[in-house]
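Undergrad: sequence? don't have it. structure:
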């Protein structure tokens, strides 16, 4: 999957921590929220596998921008949040 | 946590070093060398990069395009470390760096993080109430400035390139570097002229 800059994406509303031991680099406060791809940062070994000593194939990592107003009821318009998120946590929005 | 407090840390460390050496993963000398590099890093390294960027447009372009190469250009060891990204304040945008998941910090160029960087309070408020947090640091932004909070969640380490303060025209890089504090490169403070340098911690 290649995500172009400006592409609208939704962070998967998934909670692996409810299914058992895991190591996740996707903050809980972003799950299910919609942001915008800023750029592809490179491909990095999947930390979810690395943490358990499993083979960890490289996964695309993106810088994704979120509006503070989309995350918090009292977020200030224009303020943003910039977060690194792996491709397998992102899905294009319709 | 009570378990961790009961562990005999020096014995545990010695056992770990023995195993790493026995398995050929890392020799004691390699580990000692890396510890020395980590201990030697300080905000003065980042400040030198900032001052160079303020006085050399080509270096500024390199710093923003590839922070790791820009650090190496000043003799800072980046081999084997996570890539460094640098985000420029200015044009109405102010960056604030946090790691909500743990304590990711650009140690190669800023040294050990200030104690509050790893606190639950800082980590939560940076994303939830960044303007309130900046106010606690005494930092006042222009009303039209937008905040961009940078949550270091994965493989990069992030540093802020602060704005050069007014009144420093004609200063050389060494004099400029002396103004830059670690908080300025995290984004909790703005570079100021006439303020004693050193950690706010």
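TA: Great, that's in hand. As the structure is a computational prediction, the values presented were derived from the model and not from experiment.

Undergrad: so for stretch A:9-20, what's the average pLDDT?
TA: Stretch A:9-20 comes out with an average pLDDT of 96.

Undergrad: which stretch of helix or strand covers the nearest residue in space to residue B:177 that is not next to it in sequence?
TA: Spatially, and ignoring its direct neighbours in sequence, residue B:177 is nearest to residue B:51 (3.8 Å; C-beta to C-beta, 6 or more residues apart in numbering or on different chains). Glycine gets a C-beta too; all of them are placed from N, C-alpha and C. In this assignment (DSSP states H and E), residue B:51 forms part of helix B:43-55.

Undergrad: can you state the direction angle for the very next helix or strand once past that helix and helix B:43-55?
TA: Next in sequence after helix B:43-55, counting helices and strands by DSSP H and E, comes helix B:57-65. Between helix B:57-65 and helix B:43-55, the angle comes out at 120 degrees (axes from the mean of the first three to the mean of the last three C-alpha atoms, to 10 degrees).

Undergrad: Can you give the distance from helix B:57-65 to the centre of its chain?
TA: Offset of helix B:57-65 from its chain centre (C-alpha atoms, centre = their mean, to the nearest Å): 18 Å.

Undergrad: Stretch B:147-162 now?
TA: With C-alpha atoms, centre = their mean, you get 9 Å for stretch B:147-162.

Undergrad: related to what we said a few turns ago, same for the helix holding residue B:51, what does it pack against?
TA: helix B:57-65, helix B:67-73, helix B:107-110, strand B:157-161, helix B:173-177, helix B:182-186 (3 or more C-beta pairs under 8 Å, 6 or more residues apart in numbering or on different chains; DSSP states H and E).

Undergrad: Average pLDDT for it, rounded please.
TA: Averaged across helix B:43-55, the pLDDT comes to 98.

Undergrad: separation between residue B:179 and residue A:4?
TA: 40 Å (C-beta to C-beta, to the nearest Å).

Undergrad: Can you tell me the SS state at the residue nearest the centre of chain A?
TA: The structure's chain A has its C-alpha centroid closest to residue A:85; by C-alpha atoms, centre = their mean the separation is 3.1 Å. Per DSSP: H, G, I helix; E, B strand; the rest coil, the secondary structure class of residue A:85 is strand.

Undergrad: What of residue B:193?
TA: Once three-state DSSP is applied, residue B:193 turns out coil.

Undergrad: and if you look at residue B:34?
TA: Note that with three-state DSSP, the state of residue B:34 is helix.

Undergrad: picking up where we left off before, of residue B:179 and residue A:4, who's got more company?
TA: For residue B:179 and residue A:4, the more surrounded residue by other C-beta atoms under 10 Å in any protein chain shown is residue B:179, and the numbers stand at 22 against 8.

Undergrad: Confirm for me that that one is in contact with residue B:189.
TA: No. The criterion here is C-beta atoms under 8 Å, and residue B:179 misses it with residue B:189 at 11.3 Å.

Undergrad: Get me the contact residues on chain B for chain A.
TA: Counting by C-beta under 8 Å from any C-beta of the partner chain, the positions of chain B adjacent to chain A are B:83, B:85, B:87, B:95, B:100-101, B:127-128, B:130-131, B:146-156.

Undergrad: dump the residue contacts of residue A:43.
TA: Residues in contact with residue A:43 (C-beta atoms under 8 Å, 6 or more residues apart in numbering or on different chains) are A:58-61.

Undergrad: averaged over its residues, what pLDDT does the helix or strand hosting it have?
TA: According to DSSP H and E, residue A:43 maps onto strand A:34-45. Strand A:34-45 shows a mean pLDDT of 96 in the predicted model.

Undergrad: That strand: how far from the chain's middle?
TA: 8 Å.

Undergrad: Give the buried residues for it.
TA: A:35-38, A:41, A:44 (16 or more other C-beta atoms under 10 Å in any protein chain shown).

Undergrad: What of stretch B:45-59?
TA: Neighbour counts over stretch B:45-59 (16+ other C-beta under 10 Å) mark B:45-54, B:59 as buried.

Undergrad: Can you give the contact residues for it?
TA: So stretch B:45-59 is contacted by B:60, B:63, B:70-71, B:73-74, B:76, B:86, B:106, B:108-111, B:159, B:161-162, B:164, B:172-174, B:176-182, B:184-185 (C-beta under 8 Å, 6+ apart).
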